[in-house]
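Asker: Build me a structure from this.
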Amino acid sequence: WIRPSLDFSDKLAKEAKTNLDKLEEFLRKLRETKGKPGKNNKNLIENFEKRFFEVLEDDFNTPKAKGLIFDFISKINKKIDENQLSQKEAKTIYNFFKKINEIFNILDFKKIEGKEVLSKEIKKLVELREKHRTQRNWQKADEVRKKIQKLDYKIEDTSQG
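Answerer: Numbering: from 1, shown residues only. Presented below is the predicted three-dimensional model:
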């Protein structure tokens, strides 16, 4: 049987870029996670891995696989925010995404792992912004955040700083 042709548009390309950015940001967060083991994390991770391969075995159903990935990311991000994901669990997930990348080859793990080493300029800007935030000078903190973003870094305020 003949499959329908692939749709392509600027909107879809932007969506793909946004999804890729979310995935890379998630993987960076995993590398920094140092929480406590969470309730049911082992089952959540194992079920995701199992379901992911089941979906791919079903006629390489990539739209469904993508849905599973982003649903899983949402659940794990919540665990990270609640400090309910250990470093060991995060490493297991990270390594599974490396395995996924062997199939799709869309992630640049060297880039993901390299972005952790911030330049001196970025570190100074982050420290300056934090100083403004502790002094409750929100306008200056926002100005510094914009400078950081112009240098192609994303800054996110979390409960961990």
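
Asker: Not counting its neighbours along the chain, what's nearest the residue nearest in space to the middle of the chain?
Answerer: In the chain, the residue lying closest to the centroid (C-alpha atoms, centre = their mean) is Phe26, at 1.3 Å. Once flanking residues are discounted, Phe26 sits nearest to Ile73: 5.0 Å by C-beta to C-beta, 6 or more residues apart in numbering. Yep, even glycine has a C-beta here, placed from its N, CA and C like the rest.

Asker: picking up where we left off before, tell me who's in contact with the residue nearest to the centre of the chain.
Answerer: Counting by C-beta atoms under 8 Å, 6 or more residues apart in numbering, Phe26 makes contact with 73, 76-77.

Asker: Lys39 now?
Answerer: Lys39 is in contact with Gln84, counting by C-beta under 8 Å, 6+ apart.

Asker: Can you say which helix or strand has it in it?
Answerer: Using DSSP states H and E, Lys39 sits within no helix or strand.

Asker: what about Ile76, distance to Gln135?
Answerer: Distance of Ile76 to Gln135, computed by C-beta to C-beta, to the nearest Å: 34 Å.

Asker: Give me the helix or strand of this structure that scores worst on average pLDDT.
Answerer: Ranked by mean pLDDT, DSSP states H and E, the helix or strand of the chain with the weakest confidence is helix 109-114, at a mean of 77.

Asker: okay, now Ile69: neighbour count?
Answerer: Around Ile69 there are 21 other residues, counting by other C-beta atoms under 10 Å.

Asker: just Phe48 next, same as before
Answerer: Neighbours of Phe48 (other C-beta under 10 Å): 19.

Asker: Now it: which helix or strand?
Answerer: Applying DSSP H and E as the criterion places Phe48 in helix 41-57.
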